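S.K.: Sequence below, structure please.
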Amino acid sequence: MTSLTAVGASPSDLHRAAAGRLAVFDALKAIASQLIVLHHLVAYGPLAEAFRGRFPQLADWLFHEGRLAVQAFFVIGGYLAARSLAPALQARPLSLAPVLWRRYRRLALPCAAAVSISILAAAISRTLIDDPDVPAAPQPGQFLAHLLLMHDVLGVEALSAGVWYVAIDFQLHAMMAATVWLARLARPSRQHAALAVLTAGLAVLSLFLINRDPDWDFAAPYFFGVYALGVAVCWLVREDLSPLWGVAVALSVLCALHIEHRERLAVAGCIALALWLGLRSGLLFRWPELRPLGFLGRISFSVFLIHYPVAVLVNALVSRFWGVTPDSAIVGLGLAWATSVLAGAVFHREVEVRCAA
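M.R.: Next up is the predicted model:
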């Protein structure tokens, strides 16, 4: 494997990359998570409607374009999965059960805690206001479906915004782990080729067929093509591989977009291309470590999980005790945003880190 110093990275860059912590990834996750929070703040609740009345263009942009930020998480997730399971296209020995359990624990336990908080926040909010965006009391088995990350598969109504992503993330990681496990069944000299062919085949099937059918958006195969772009970035940044492989991936995305334009795929393709060019050249290994972005990037998953119950509760409190006006909406949504970041930091320290230990 070509060293990072060969592409202009310093020894400290090499250490951060090996540890899985790149400053550019934290920056991307920070920006993406904040856009998703803002997207949800202008999408749900009476304050969102009042805010839209004062700032319709801004609300429309955050609603329609802000949701595209989740594509950054898919691309980064694919990159990190490839580096963990099969760095440099070398499939690591693995036992599927422990790999899946570690990923499940990392995702499902914080998600269950956040859903529990959402149930409590919704219960309090229902006593304060009557709003259709406040989730109803959960039915028997609904929480269990969330705990098993099967709510969308079973057609169960979500108890919090964003939990669909957690389930898809787990499924995607499971697909990648299963692909690596299958590649290990080939002869040692052919394992890297088997892994590349299996991954590329699943990605092509997703991009050109499954992703064009919105009825599949509850399951990982619908998103695997985008996830595989992150995998490709991880594998193709090596200097000993021809850049033509990266060009081939880019052309595949362009062909898929030509057959049917999909805004989310276009955004993911641009993110993956920028990462591939920046990492291959070494420029992104020298991305400055800006402490605010680094902090927001580290807590991004927790902010993603906890911001919805915060928004529900703030909407209810402001609506009940101040009233719904454009002015109260501006202050209320600002409060919800700041509280979401603060709650995310606490949730990260007290829940996410402990579940990952």
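
S.K.: what are the phi and psi angles of the nearest residue to residue 38 once chain neighbours are set aside?
M.R.: Closest residue to residue 38 in three dimensions, ignoring its sequence neighbours and counting by C-beta to C-beta, 6 or more residues apart in numbering: residue 62, at 5.0 Å. For glycine as for every other residue, the C-beta is placed from the backbone atoms N, C-alpha and C. Backbone dihedrals for residue 62, given as degrees, to the nearest 10, come out at phi -60, psi -40.

S.K.: Also residue 80?
M.R.: The main-chain torsion angles of residue 80 are listed as degrees, to the nearest 10 and equal phi -70, psi -30.

S.K.: That one and residue 230, how far apart?
M.R.: Here the distance between residue 80 and residue 230 works out to 8 Å (C-beta to C-beta, to the nearest Å).

S.K.: Those two: which is more packed in?
M.R.: Between residue 80 and residue 230, counting by other C-beta atoms under 10 Å, residue 230 is the more crowded of the two (28 against 17).

S.K.: State the three-state secondary structure for the more buried one.
M.R.: The assignment at residue 230 comes out as helix when based on DSSP: H, G, I helix; E, B strand; the rest coil.

S.K.: Contacts only, for it.
M.R.: Shown in contact with residue 230 (C-beta atoms under 8 Å, 6 or more residues apart in numbering): 74-82, 272, 275.

S.K.: Flag every buried residue along stretch 76-95.
M.R.: Residues of stretch 76-95 classed as buried: 76-86, 89, 91, 94 (neighbour count, 16 or more other C-beta atoms under 10 Å).

S.K.: Let's have these in CSV, adding pLDDT, distance to residue 126 and secondary structure.
M.R.: CSV is the format used below for those (pLDDT from 0 to 100; distance: C-beta to C-beta, whole Å; DSSP: H, G, I helix; E, B strand; the rest coil):
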residue, pLDDT, distance to residue 126, secondary structure
76, 97, 36, helix
77, 97, 35, helix
78, 98, 39, helix
79, 97, 41, helix
80, 96, 39, helix
81, 97, 39, helix
82, 96, 44, helix
83, 95, 44, helix
84, 94, 42, helix
85, 96, 44, helix
86, 94, 48, coil
89, 87, 52, helix
91, 84, 50, coil
94, 89, 46, coil
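
S.K.: Next, the buried residues of stretch 108-124.
M.R.: Counting neighbours by 16+ other C-beta under 10 Å, stretch 108-124 gives 108-119, 121-122 as buried.

S.K.: Skipping its backbone neighbours, what lies nearest residue 159 in space?
M.R.: Spatial nearest neighbour of residue 159, excluding adjacent residues (C-beta to C-beta, 6+ apart): residue 115 at 5.1 Å.

S.K.: cool, and residue 347?
M.R.: Excluding its sequence neighbours, the residue lying closest to residue 347 (C-beta to C-beta, 6+ apart) is residue 302, at 4.2 Å.

S.K.: Surely that neighbour and residue 350 touch.
M.R.: No: using C-beta atoms under 8 Å, residue 302 is not in contact with residue 350, being 9.3 Å away.

S.K.: Pull the distance from stretch 59-73 to the chain's centre.
M.R.: On the basis of C-alpha atoms, centre = their mean, to the nearest Å, stretch 59-73 is displaced by 12 Å from the centre of the chain it belongs to.

S.K.: Pull up the distance across that stretch, start to finish.
M.R.: Across its full length, stretch 59-73 reaches 23 Å end to end, with C-alpha to C-alpha, to the nearest Å as the criterion.

S.K.: what does that stretch rub up against?
M.R.: With C-beta under 8 Å, 6+ apart, stretch 59-73 has contacts from 28-29, 31-33, 35-36, 38-39, 41-43, 48, 51-52, 165, 169, 226, 263-264, 267-268, 271.

S.K.: For PyMOL, write the selection for the buried entries among those residues.
M.R.: Buried members of those can be picked out in PyMOL with the line below, counting by 16+ other C-beta under 10 Å:
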select buried, resi 28+29+31+32+33+35+36+38+39+41+42+43+48+51+52+165+169+226+267+268+271
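
S.K.: Touching, residue 27 and residue 293? I think so.
M.R.: Yes: under the contact definition of C-beta under 8 Å, residue 27 touches residue 293, with a separation of 4.5 Å.

S.K.: And the residue nearest to the spatial centre of the chain, which helix or strand is it part of?
M.R.: Centrality entry for the chain: nearest residue to the mean C-alpha point is residue 73, 3.2 Å, by C-alpha atoms, centre = their mean. Here residue 73, judged by DSSP states H and E, is contained in helix 70-85.

S.K.: What of residue 289?
M.R.: In this assignment (DSSP H and E), residue 289 forms part of neither any helix nor any strand.

S.K.: Same question for residue 40.
M.R.: Using DSSP H and E, residue 40 falls within helix 23-41.

S.K.: Does anything pack onto the following helix or strand past that helix? Which helices or strands?
M.R.: Past helix 23-41, further along toward the C-terminus, the next helix or strand under DSSP H and E is helix 46-54. Identification of packing neighbours for helix 46-54 by 3 or more C-beta pairs under 8 Å, 6 or more residues apart in numbering; DSSP states H and E yields helix 56-64, helix 300-321, helix 326-347.

S.K.: Deepest in the core, which of those helices is it.
M.R.: Here the criterion is mean neighbour count by mean count of other C-beta atoms under 10 Å, and of the helices and strands packed on helix 46-54 the winner is helix 300-321, at a mean of 25.

S.K.: Where does pLDDT dip in the stretch 1-150 of the chain?
M.R.: For the stretch 1-150 of the chain, the stretches flagged by pLDDT under 70 are 1-20.

S.K.: Can you list phi and psi of residue 86 for me?
M.R.: Main-chain torsions, residue 86, degrees, to the nearest 10: phi -160, psi 70.
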